[in-house]
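Trainee: one predicted model, sequence on top.
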Amino acid sequence: MKIAVAGKGGTGKTLIAGTLARLFAQDGYKVLAIDNDSSMNLSYSLGIDEYIRQKIVPIKEMLDLIEQRTGQRPGAASGGIYNINPKVSDIPDKYKIYGPDGVQLLVVGSIEEPATGCLCPENVLIRTLLYNLFVQRNEAIIVDFEAGLEHLGRGTGKGIEIMLIATEPSIKSIELTQHILKLSKGLGVKNNLIVLNKIIDKAELEIITKKLKEIGLNSFHVIPFDPEIGKADLEGIASLDFNPNSKAILSIRDLFGKLKEFKKN
Ligand SMILES: Nc1ncnc2c1ncn2[C@@H]1O[C@H](COP(=O)(O)OP(=O)(O)OP(=O)(O)O)[C@@H](O)[C@H]1O
Ligand SMILES: [Mg+2]
């Protein structure tokens, strides 16, 4: 099972990715969660202890490793040719950490200035690593992505089985969802599911459903707005641990069931 979560900033990507990772692990799957977001807080939504979280060094900041694998140190003046197909297959097992329910986490960090398409050594290493994770690994992989998908090169989405696109009830978010959907299909991802998050009530859902249908988006999963998620955040506790049966968490459990069914068929 290879799942990626994308969406506009603040739409709930990290909540969804972290909670799904825990639910898969609780169900007996071997899970490797990947943090590829610039805010790097997947460890928090997985419920990893604060003192362990403090010590995490993302792959993109491991300058020696990047230099060793690509032949060029990030930030150094370009020395000419370097390896654009670095060895990465050993990286997940070397640098992953363990969290509750046995979830494994690899904090990769984000790709800077994706729009420039920079072939900086750190970007090359991260793209190669993501591709390797999707295509080569046997675990259930769940990735918390950057806001958009611009950081992925062509072909790097090949192994992604389902792209979840977190969307909140705003025009900006719907516009970005349309954009991400296009990018995702361009990357070769066949299954894309819109996850409408933070829905306040039926009336709001009706308006948003109408807007989505107008642009040809007829199928989505709905997660309600849930004050328990905010309370968990203020207490510094993962939402799944704070209230495993709050309404947003119940809805993510439902999404987990759908993903499992999808895999079976
Ligand atoms: N269903 C919900 N009900 C209430 N609050 C929510 C819900 N989903 C997410 N939130 C809150 O919205 C905020 C953003 O959630 P989250 O960090 O998961 O989003 P994100 O897309 O990963 O954001 P970023 O782009 O900053 O990484 C958090 O404060 C979270 O507690
Ligand atoms: Mg996030």
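Mentor: Nice, thanks for sending it over. Ligands and ions are numbered 1, 2, ... in the order given.

Trainee: do a quick rundown of the strands in this structure.
Mentor: Counting by DSSP state E, one finds strands in the chain at the ranges 2-7, 31-35, 97-98, 104-107, 140-144, 162-167, 191-199, 220-224.

Trainee: who are the packing partners of the fifth one?
Mentor: Contact here means 3 or more CB pairs under 8 Å, 6 or more residues apart in numbering; DSSP states H and E; on that basis strand 140-144 packs against strand 2-7, helix 13-26, strand 31-35, helix 121-136. C-beta coordinates here come from the backbone N, C-alpha and C atoms, glycine included.

Trainee: can you redo the strands of the chain as CSV with distance to Glu150 and mean pLDDT?
Mentor: Formatted as CSV, those follow (distance: least, CB to CB, whole Å; pLDDT from 0 to 100):
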stretch, distance to Glu150, mean pLDDT
strand 2-7, 10, 95
strand 31-35, 18, 97
strand 97-98, 28, 96
strand 104-107, 20, 98
strand 140-144, 15, 96
strand 162-167, 14, 96
strand 191-199, 16, 97
strand 220-224, 23, 97
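
Trainee: identify whichever of those lies nearest to ligand 2.
Mentor: Minimum separation from ligand 2 across the strands of the chain (CB to the ion) falls at strand 140-144, 5.9 Å.

Trainee: out of the helices and strands packed on strand 140-144, nearest to ligand 1?
Mentor: helix 13-26 (3.3 Å; CB to the nearest ligand atom).

Trainee: what's the angle from the closest one to strand 162-167?
Mentor: Here helix 13-26 points in a direction 140 degrees away from that of strand 162-167 (axes from the mean of the first three to the mean of the last three CA atoms, to 10 degrees).

Trainee: got the strands of the chain as CSV, with distance to ligand 1 columns?
Mentor: As requested, those are exported to CSV (distance: least, CB to the nearest ligand atom, whole Å):
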stretch, distance to ligand 1
strand 2-7, 6
strand 31-35, 10
strand 97-98, 19
strand 104-107, 13
strand 140-144, 7
strand 162-167, 6
strand 191-199, 5
strand 220-224, 5
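
Trainee: adding distance to Asn243, write those out as a markdown table.
Mentor: Compiled in a markdown table, the strands of the chain are given as follows (distance: least, CB to CB, whole Å):
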| stretch | distance to Asn243 |
| --- | --- |
| strand 2-7 | 21 |
| strand 31-35 | 21 |
| strand 97-98 | 24 |
| strand 104-107 | 22 |
| strand 140-144 | 21 |
| strand 162-167 | 20 |
| strand 191-199 | 16 |
| strand 220-224 | 13 |
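
Trainee: tell me where the stretch 151-265 of the chain has helices.
Mentor: 171-187, 202-214, 227-235, 239-242, 247-264 (DSSP state H, counting those that start in this stretch).

Trainee: now distance to ligand 2 and mean neighbour count too, for the helices and strands packed on strand 140-144, in TSV please.
Mentor: Listed next are those as TSV, based on distance: least, CB to the ion, whole Å; neighbours: other CB atoms under 10 Å:
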stretch	distance to ligand 2	mean neighbour count
strand 2-7	9	26
helix 13-26	3	26
strand 31-35	8	26
helix 121-136	16	21
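
Trainee: now for Arg69: which residues touch it?
Mentor: Residues near Arg69 by CB atoms under 8 Å, 6 or more residues apart in numbering: 83, 86-88, 125.

Trainee: for ChimeraX, write the select line for the buried members of the residues you listed.
Mentor: Filtering the contacts of Arg69 down to the buried ones (16 or more other CB atoms under 10 Å) takes a single ChimeraX command:
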select :86,88,125
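
Trainee: min pLDDT across the contacts of Arg69, which one?
Mentor: Within the contacts of Arg69, Asn83 has the lowest pLDDT, namely 77.

Trainee: is it correct that it is in contact with Gln68?
Mentor: No. Asn83 is beyond contact range of Gln68, at 10.1 Å (criterion: CB atoms under 8 Å).
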